[in-house]
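**Student:** Predicted coordinates and the sequence they were generated for:
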Amino acid sequence: MDCRPAPPPSDPAPDRSSAPTSLTGIPAALVPMGLLMLRDAGDEQFDALIAAWLGQFGADDTLARLHAETIVLAAVRLRTAAKLEPKGEIPGPDWCRFQSLAERNYRSACKDLRRHLEAQQKAASNPSPSTSKRRSSAAPTDPAPEPMTASPAPPESTPEEIADASTNWRKHIALVRSMSEEWPVILRLRREVEDVAAWLADGKSEDELMTWYPGLTRADIAACRACDAEGLCGPFDPADGPYPPGLPVLDDLPDDPSG
């Protein structure tokens, strides 16, 4: 199986100089650059591209900046995979796994950023009735509405919760066919386990992961570590036959996916 990225499209790269917008109205300059462009650029060009792109995210939008920095980390991982790719021979399974996970993390991070930008745009274009009324009747000296804040952090996991999640990780993790037939997920967050396990294997800290993935707890991470230790993070191909024994498999999410 050739697990390398698809060849670049024949269409030329769009001109970003006039700051066009996408179909959703999000400025195209905020949408991540092409995966192949970031992977194949020289070191100096890559650094310049990333610095210019990150500079478009204001310090007041912490969540957007975090999503953007996660994209950069995934792009760096892709560049590492490109440098390690064997020349003149078919890549082995270890390289294929490293490269495919890097590409999937990149696309997942791009999706998270786009969702955040779309949610911001929707909130700006559909203010609540009370906000609309205040805008129409307020005097020019009235203060501006308070800025949106990020969701509160989940409570810190206790040592007992962490130990239980590690021992009984199957209460927290399962392969849910309605979501993916290849990748197990953290039931409570619907986040693929390999998203967490790959970054841990890359040397990232638990604090970094909990910052990048709002809602993730140390107990979730303990469950992901235990699942990964048994080699059950995926991917799995249904065409290969039954799923491995010990992997919880569900047709759909449970009514209470809190674990």
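**Tutor:** Sure, I can see it. Please read these numbers as outputs of a predicted model, since none were measured by experiment.
**Student:** mind listing the helices for the stretch 101-250 of the chain?
**Tutor:** With DSSP state H, counting those that start in this stretch, the ranges of helices along the stretch 101-250 of the chain come out as 129-137, 159-167, 193-201, 206-212, 218-229.
**Student:** closest one to Tyr243 among the ones you listed?
**Tutor:** helix 218-229 (13.2 Å; CB to CB). In this view, the C-beta of every residue, glycine as well, is placed from N, C-alpha and C.
**Student:** what's that closest one in contact with?
**Tutor:** 156-157, 161-167, 169, 172-173, 184, 186, 188-189, 193, 196-197, 200-201, 206, 209-210, 233, 259 (CB atoms under 8 Å, 6 or more residues apart in numbering).
**Student:** mind redoing it with 7 Å?
**Tutor:** By CB atoms under 7 Å, 6 or more residues apart in numbering, the residues outside helix 218-229 that reach it are 157, 161-162, 165-166, 169, 172-173, 184, 186, 189, 193, 196-197, 200, 206, 209, 233.
**Student:** what's the pLDDT at Pro9?
**Tutor:** Per-residue confidence (pLDDT) for Pro9: 40.
**Student:** Same check on Glu146?
**Tutor:** pLDDT at Glu146 comes out at 43.
**Student:** Equivalent analysis for the one 10 residues further on, please.
**Tutor:** pLDDT, Glu156: 88.
**Student:** Could you do Thr167 as well?
**Tutor:** Thr167 is given a pLDDT of 96.
**Student:** May I have the residues that are in contact with it?
**Tutor:** Under the criterion of CB under 7 Å, 6+ apart, the contact list for Thr167 is empty.
**Student:** What distance do you get for the most centrally placed residue in the chain to Glu156?
**Tutor:** The geometric centre of the chain, computed from its C-alpha atoms, lies nearest to Ala109 (CA atoms, centre = their mean), at 3.2 Å. Distance from Ala109 to Glu156, counting by CB to CB, to the nearest Å: 25 Å.
**Student:** what stretches of the protein score poorly on pLDDT?
**Tutor:** Along the chain, segments meeting pLDDT under 70 span 1-39, 127-154, 256-259.
**Student:** pull the longest strand from it.
**Tutor:** Criterion DSSP state E: the longest strand present in the chain is strand 173-176.
**Student:** which helices and strands sit right next to that one?
**Tutor:** Applying 3 or more CB pairs under 7 Å, 6 or more residues apart in numbering; DSSP states H and E, one finds that strand 173-176 contacts strand 185-186, strand 249-250.
**Student:** Parallel or antiparallel, list what pairs with that strand.
**Tutor:** strand 185-186 (antiparallel), strand 249-250 (parallel) (DSSP bridges).
**Student:** thinking Ser178 is in contact with Val249, fair?
**Tutor:** No. In terms of CB atoms under 7 Å, Ser178 does not count as a neighbour of Val249; the distance is 11.3 Å.
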